[in-house]
Structures are given as C-alpha cells and as structure tokens.
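S.K.: my questions are about this predicted structure, shown below with the sequence.
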Amino acid sequence: MTDAMAFEACRLLCLPCAGGSATVYARWAQAAPSWLAVRPLELPGRGTRHHEPLQHDPHLLADQLTEECLAQHVRPGTRFALFGHSLGGLLAFEIAHRLHARGCSPAALFVAASRPPATRDDSRYAALRDDAEVLAEMRALGGTPEALLAEPELMAMVLPVIKADFQLCGHYRRPSPQTRAPLSMPIHALAGRRDAFAPDVLDDWRCETTGSYTRTDFDGDHFFVRDDPAHLLAVIANGLAPAMHAPPSARALAGAR
C-alpha cells in the first residue's frame with residue numbers, strides 16, 4: 001500500500017491574511033499530496049464575493065464563515081483541518097471553536113505568522129482610518145511592492161478591504177478562559193524567522209489547546225507562506241499524519257474531550 005493510499009482524504013480549509021483573498025492559495029492544490037484537498041475560503045467583499053459587504057466585526061465574521069463551512073465543506077465525520085495566515089489564523093481559531101461546539105472538530109489547526117489570542121494587542125488597528133496611515137502600516141508590514149502602493153487607482157480598490165481587515169484585527173477580543181474551554185485538537189504554529197516578531201512569540205498558542213502543540217520555523221518574513229507551497233504543505237501533511245492514521249473511534253474520543 002502506498003503512503004497516499006494509507007491515508008483517507010482530508011480537506012484543508014484555508015483563510016487568507018489581511019487584504020488577501022482565496023487566490024493566494026491558487027498554487028496549493030497542485031502542490032498538495034493527493035489525499036489533501038485544499039479548499040480556500042473567500043471572505044466577503046473580495047474576489048468572487050466582491051459584491052458582498054465587507055465585515056468589520058471578527059466575531060460576526062467567524063459566525064458567518066462557520067455557517068458557510070457547515071453548509072459547503074464540513075459534515076459530521078468529515079476529515080478536515082483549518083489553516084490561517086496572520087488574520088486568517090485568528091479567524092481559523094474562532095471557527096475551530098464554533099465548529100467544535102457544533103460537533104465537527106477539525107483534525108488540527110495550523111496558524112501561520114499569527115500572534116496568539118492571549119497575548120496579541122491589535123487595538124491600534126481600530127484607529128487606522130486615514131488612507132495615509134493605512135498605507136504607512138502596509139509599508140511597515142511588507143508584502144506589497146512599493147510600485148503597487150504608489151498606484152492611486154489600484155489603492156482605491158484595495159484600501160477599503162485593508163481598512164476593513166484592520167478593523168477585524170482591532171476589534172478582536174479573546175473570550176475569557178472561564179467562559180470558553182481550550183480546544184482539544186493539535187495546534188501547529190508556523191513562523192517566519194524574519195518576521196517582525198520572534199518565532200517564540202507564537203508559543204503562547206500552546207495555552208489554546210489541551211492537545212499537542214508544535215512550532216515550525218521557516219526562512220522568510222511575515223509572508224513566508226508564499227515562498228514554497230510544496231515545502232509548507234509537506235509540513236502540514238506531516239502534522240496531520242497522526243490524525244489521518246488514527247482509527248475513527250480515537251478521533252471521535254479526541255474531539256469529545
């Protein structure tokens with residue numbers, strides 16, 4: 001039996017960073033192993049959903065995306081995992097909680113370049129409303145070529161999305177541990193060694209699960225997820241291997257903890 005045959009199919013639901021869309025994962029389907037189906041999630045107000053209103057409340061957006069996941073991607077018994085980059089990691093985390101509460105626990109949660117909920121403070125983003133302030137923040141974060149930032153017509157289309165996503169960051173509030181128990185599935189943090197924060201900052205994700213925690217460091221900045229999809233997906237596949245080999249009874253027990 002080949003390695004591909006030894007696994008059952010698993011869906012990887014992917015959420016983009018601030019300002020991003022589902023197209024950032026366009027190359028992933030070809031780079032993923034045959035048993036892993038990459039399913040990018042498009043956020044309202046961009047890409048194929050450009051006609052929909054942008055969302056500014058991260059908790060309402062997580063509610064909406066959870067319902068869409070249940071309608072389109074996840075059923076009881078479906079093997080799936082969540083992946084999120086930066087803001088997408090935060091949304092994936094909140095969706096994981098909501099899906100678990102609905103009886104559909106992910107096999108694992110992967111968070112890339114996403115500071116942990118317990119220690120992040122993005123309140124300053126809520127005050128960023130002026131175009132010049134938002135452009136300055138985009139330059140500081142990197143990932144957008146200066147030539148694009150200098151294009152007024154392009155920025156006129158992009159800035160509303162960026163502003164809305166900064167509001168999502170700025171208005172996030174982590175529920176108290178007294179009102180919501182930690183997750184039970186494994187959490188795998190992925191860090192860029194040249195990000196603005198040190199990789200070990202991500203280790204506070206450990207407190208968000210009673211399951212296992214790992215961290216993998218990559219040679220790259222905040223946007224390292226764009227550099228080598230095949231390598232990144234190999235790391236994800238390796239992280240999913242224990243859950244994929246586990247018998248159904250063991251997976252159900254882990255999700256019920």
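M.R.: Nice, thanks for sending it over. Residues are numbered from 1 along each chain as shown.
S.K.: okay, now the unreliable bits of this structure?
M.R.: 1-8, 246-257 (pLDDT under 70).
S.K.: for the lengthiest helix in it, buried residues please.
M.R.: Across the chain, the helix with the greatest residue count (assigned by DSSP state H) is helix 152-170. For helix 152-170, a neighbour-count test (16 or more other C-beta atoms under 10 Å) marks 155, 158, 161-170 as buried. For the C-beta atoms, the positions are set from N, CA and C on the backbone; glycine is no exception.
S.K.: now stretch 132-150
M.R.: For stretch 132-150, by 16+ other C-beta under 10 Å, it's 134-135, 138, 141, 144.
S.K.: wait, what's in contact with the residue nearest to H56 when sequence neighbours are not counted?
M.R.: Nearest non-adjacent residue to H56, counting by C-beta to C-beta, 6 or more residues apart in numbering: Q167, 4.2 Å away. Residues counted as contacts of Q167 (C-beta atoms under 8 Å, 6 or more residues apart in numbering) are 56, 125-126.
S.K.: same check on C207?
M.R.: 116, 118, 182.
S.K.: wait, a helix at it?
M.R.: Yes: assigned with DSSP: H, G, I helix; E, B strand; the rest coil, C207 falls within a helix.
S.K.: what count of nearby residues applies to D122?
M.R.: Around D122 there are 18 other residues, counting by other C-beta atoms under 10 Å.
S.K.: ok, now R215?
M.R.: Counted with other C-beta under 10 Å, R215 comes out at 16.
S.K.: gap between P106 and H100?
M.R.: 8 Å (C-beta to C-beta, to the nearest Å).
S.K.: looking at the two, which has the bigger crowd around it?
M.R.: Ranked by neighbour count (other C-beta under 10 Å), P106 and H100 place P106 first, with 28 against 17.
S.K.: isn't the more buried one up against A81?
M.R.: Yes: P106 is within contact range of A81, at 5.2 Å (criterion: C-beta atoms under 8 Å).
S.K.: Provide a list of residues in contact with the residue lying closest to A92 once chain neighbours are set aside.
M.R.: Nearest non-adjacent residue to A92, counting by C-beta to C-beta, 6+ apart: G84, 3.3 Å away. Contact analysis of G84 by C-beta under 8 Å, 6+ apart lists 14-15, 90-93, 110-112, 114.
S.K.: switch the cut-off to 6 Å
M.R.: G84 is in contact with 15, 91-92, 111, counting by C-beta atoms under 6 Å, 6 or more residues apart in numbering.
S.K.: listing partners with orientation, what would you give for the host helix or strand of it?
M.R.: Using DSSP states H and E, G84 falls within strand 80-85. Take DSSP bridges as the rule and strand 80-85 pairs in its sheet with strand 10-15 (parallel), strand 109-112 (parallel).
S.K.: and the ones you listed: which comes nearest V74?
M.R.: strand 10-15 (7.7 Å; C-beta to C-beta).
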